[in-house]
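**Q** sequence-free structure coming up:
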């Protein structure tokens, strides 16, 4: 009787057959499903990702830590800029070689309180267009992402254990994240494919406080999470007027960027001290009139622990420097 009824209702028969086919393809235990890309085999669980801390083992190498010089909101549209292929290559390194379970990002564009950290604990958020005077299409930018309340809870626990006051809230991704991530993790070409949780900086210029912040979340590296901090190695918007029409760097750009490189690449035993000294250089306030774009590199260095840092690329341009850093090794 049931078979006869199904034959008399071909639409129901078609939909039922389609459901069975999809169930087979999306079942991660089948050999065929395991050979399919993330977008088919894992997307059904992506929105309900449950982060479970894992014990570090030889089979789970510690993830590297990254610092992106992210540029302005135009970086995702300016494909001719030298940084564009650099960010693309870093993004592919992360998705194709590191293959993180999740990403935690610290952006120069979110400073919470002088002595308190905020983080996004929502699963779904919008973007924050925190810039002014750009073409209308810049305010239509998108970046697909999902948060992870369980990972946010894990971060809150780590911060509490380190004596750092912190609280969760729902907040969208600012352009310090989505502009550069749209290059590194272009949705159509190299999707990130894992949950993304943004954490604030302190609203301060204290390099040691930010170094300790990075150290507090360092255990995430043993749990398959990649930590990315985004800012600029030199960032002086006020002096752009002096370089108008020319990309020739102002004198302090190279001197500060080079000093930062030397400090970041120092032996980890003395790195925190060397990096703190950089903020007291005579050219520091020229390079960073307010050090919001510099503090993320201290978070990255703190999260690196005993792993060395290396500058993978830089560019001196007008009143900006675009240094990119990686701490730790990428597993073969």
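**A** Yes, it's here. Predicted model only: the values in this text are computed from it and were never measured. Residues are numbered from 1 along each chain as shown.
**Q** Please make it C-alpha for all contacts and neighbour counts, starting now.
**A** Will do.
**Q** Show me the longest strand that occurs in the chain.
**A** Longest strand of the chain, by residue count under DSSP state E: strand 102-111.
**Q** burial count for residue 313?
**A** 14 (other Cα atoms under 10 Å).
**Q** Check residue 72 too.
**A** If you count neighbours by other Cα under 10 Å, residue 72 ends up with 14.
**Q** Same question for residue 312.
**A** Neighbours of residue 312 (other Cα under 10 Å): 11.
**Q** contacting residues around it?
**A** Neighbouring residues of residue 312 by Cα atoms under 8 Å, 6 or more residues apart in numbering: 323-326.
**Q** redo that, cut-off 6 Å
**A** 324-325 (Cα atoms under 6 Å, 6 or more residues apart in numbering).
**Q** can you check residue 226 too?
**A** Residues counted as contacts of residue 226 (Cα under 6 Å, 6+ apart) are 63, 100, 103.
**Q** Make sure the last one is actually in contact with residue 196.
**A** Yes - under the criterion of Cα atoms under 6 Å, residue 103 makes contact with residue 196 at 4.9 Å.
**Q** and stretch 304-323, how far from the chain's centre?
**A** Counting by Cα atoms, centre = their mean, to the nearest Å, stretch 304-323 is centred 15 Å from the centre of its parent chain.
**Q** Same question for stretch 201-215.
**A** Using Cα atoms, centre = their mean, the offset of stretch 201-215 from its chain centre is 17 Å.
**Q** can you map out the helices along the stretch 201-332 of the chain?
**A** Per DSSP state H, counting those that start in this stretch, the stretch 201-332 of the chain carries helices over the ranges 207-217, 251-264, 268-278, 284-287, 295-304.
**Q** for those helices, which one sits closest to residue 91?
**A** helix 295-304 (16.6 Å; Cα to Cα).
**Q** Give me the average confidence score over the closest one.
**A** Per-residue pLDDT over helix 295-304 has a mean of 98.
**Q** I'd like to know which elements it is packed against.
**A** helix 207-217, strand 225-231 (3 or more Cα pairs under 6 Å, 6 or more residues apart in numbering; DSSP states H and E).
**Q** which residues are in contact with the first one?
**A** Read it as helix 207-217. 159, 162, 276, 298-300, 302-303.
**Q** Mind giving me the PyMOL select for the residues you listed, buried ones only?
**A** A single PyMOL command selects the buried members of the contacts of helix 207-217 (16 or more other Cα atoms under 10 Å):
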select buried, resi 159+276+298+299+300+302+303
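**Q** Which one of the contacts of helix 207-217 is nearest to residue 148?
**A** Closest to residue 148, out of all of the contacts of helix 207-217 and judged by Cα to Cα, is residue 159, at 16.6 Å.
**Q** Which helix or strand contains that closest one?
**A** Residue 159 belongs to helix 149-161 when assigned by DSSP states H and E.
**Q** ok, then the element right after that helix?
**A** Under the assignment DSSP H and E, the closest C-terminal helix or strand after helix 149-161 is strand 165-169.
**Q** Over stretch 147-162, what's the mean pLDDT, rounded is fine.
**A** pLDDT averaged over stretch 147-162 gives 98.
**Q** Could you check it and say which residues are buried?
**A** Buried residues in stretch 147-162 (16+ other Cα under 10 Å): 147-159.
**Q** Output those in CSV, with distance to residue 271 appended to each entry.
**A** Formatted as CSV, the buried residues of stretch 147-162 follow (distance: Cα to Cα, whole Å):
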residue, distance to residue 271
147, 32
148, 32
149, 33
150, 32
151, 29
152, 28
153, 30
154, 27
155, 24
156, 26
157, 26
158, 23
159, 22
